[in-house]
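[1] model this:
(chains A and B)
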Amino acid sequence: GQSLEQPSEVTAVEGAIVQINCTYQTSGFYGLSWYQQHDGGAPTFLSYNALDGLEETGRFSSFLSRSDSYGYLLLQELQMKDSASYFCAVSPASGNTPLVFGKGTRLSVIA
Amino acid sequence: DSGVTQTPKHLITATGQRVTLRCSPRSGDLSVYWYQQSLDQGLQFLIQYYNGEERAKGNILERFSAQQFPDLHSELNLSSLELGDSALYFCASSVGLGGYEQYFGPGTRLTVT
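    Below is the predicted model of the structure:
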């Protein structure tokens, strides 16, 4: 099976950098995805890591280390609009679920 | 705007009733997924259809069923509703089967009273 652990809440200051960690236990997976969800909104796709290493998309970067069963989302130059919940998700190599989500990290950006 | 549409946006109904939620995927997407999101459970995968056929099934209750039609829109049917079924129901779509990059609709908020 698959399970993912994320911190439930993180608070950071506007303009700063924040890292949201995701550790996982899985019997095999194709890659790690990250989604953002604002209050009352729908999840939106942010990034996907199929290979170990860092993927950068503007202010957001995502990292995967399969050997450490660990990934993270890095948000730079934080803005108030980045306040949202962030979910990591794995694409399992077996089983009945195409994408398994973590419970999410609620990020609060403060002035 | 993800390109995925869901109706209705809100639904209030009584216990024991049956409702149908509707989803239209992004143009060109063949996979449709249904999720349930409640405060304490996160995003729970219910079911996936690909080009009209059921492809994967999660923890979907027997009281729930879904289908995907030839025009690729999908419906999720919830019957014998219970208070605990109150949640946000999201539909998502993707081009292929892989599904790591999914596009979510705005959701239907179901309240069972």
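
[2] Near chain B, which residues of chain A? Just list them.
    Within reach of chain B by C-beta under 8 Å from any C-beta of the partner chain, chain A has these residues: A:30-31, A:33, A:41-45, A:48, A:87, A:89, A:91, A:96-104. In short, each C-beta sits where N, CA and C put it, glycine included.

[3] if you set the cut-off to 7 Å instead, what comes out?
    A:30-31, A:33, A:42-45, A:48, A:87, A:91, A:96-99, A:101, A:103-104 (C-beta under 7 Å from any C-beta of the partner chain).

[4] Show only the entries of these found in strands.
    Under the assignment DSSP state E, the residues of chain A next to chain B contribute A:30-31, A:33, A:44-45, A:48, A:87, A:91, A:101 to strands.

[5] got TSV for those, with pLDDT and neighbour count too?
    Formatted as TSV, these follow (pLDDT from 0 to 100; neighbours: other C-beta atoms under 10 Å in any protein chain shown):
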residue	pLDDT	neighbour count
A:30	89	14
A:31	92	19
A:33	96	24
A:44	97	15
A:45	96	18
A:48	95	19
A:87	97	25
A:91	89	21
A:101	93	22
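
[6] so where do the strands sit in chain B?
    Under DSSP E, chain B gives strands at B:5-7, B:10-13, B:19-24, B:31-38, B:42-50, B:53-57, B:64-68, B:74-78, B:87-94, B:103-104, B:108-112.

[7] now for these, which one comes closest to residue A:74?
    strand B:42-50 (22.1 Å; C-beta to C-beta).

[8] I'd like to know the average pLDDT value across that closest one.
    Strand B:42-50 shows a mean pLDDT of 93 in the predicted model.

[9] Run through the neighbouring helices and strands of it.
    Contact partners of strand B:42-50 among helices and strands, from 3 or more C-beta pairs under 7 Å, 6 or more residues apart in numbering or on different chains; DSSP states H and E: strand B:31-38, strand B:53-57, strand B:64-68.

[10] Tell me who's in contact with residue A:99.
    A:33, A:89, A:91, B:45, B:99-100, B:102 (C-beta atoms under 7 Å, 6 or more residues apart in numbering or on different chains).

[11] quick one: which of the residues you listed is nearest to residue B:53?
    residue B:99 (14.8 Å).

[12] thinking again about what came up before, could you dump the helices and strands packed on strand B:42-50 into a markdown table and include mean neighbour count and distance to residue A:13?
    Shown next, in a markdown table, are the helices and strands packed on strand B:42-50 (neighbours: other C-beta atoms under 10 Å in any protein chain shown; distance: least, C-beta to C-beta, whole Å):
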| stretch | mean neighbour count | distance to residue A:13 |
| --- | --- | --- |
| strand B:31-38 | 23 | 29 |
| strand B:53-57 | 14 | 41 |
| strand B:64-68 | 19 | 43 |
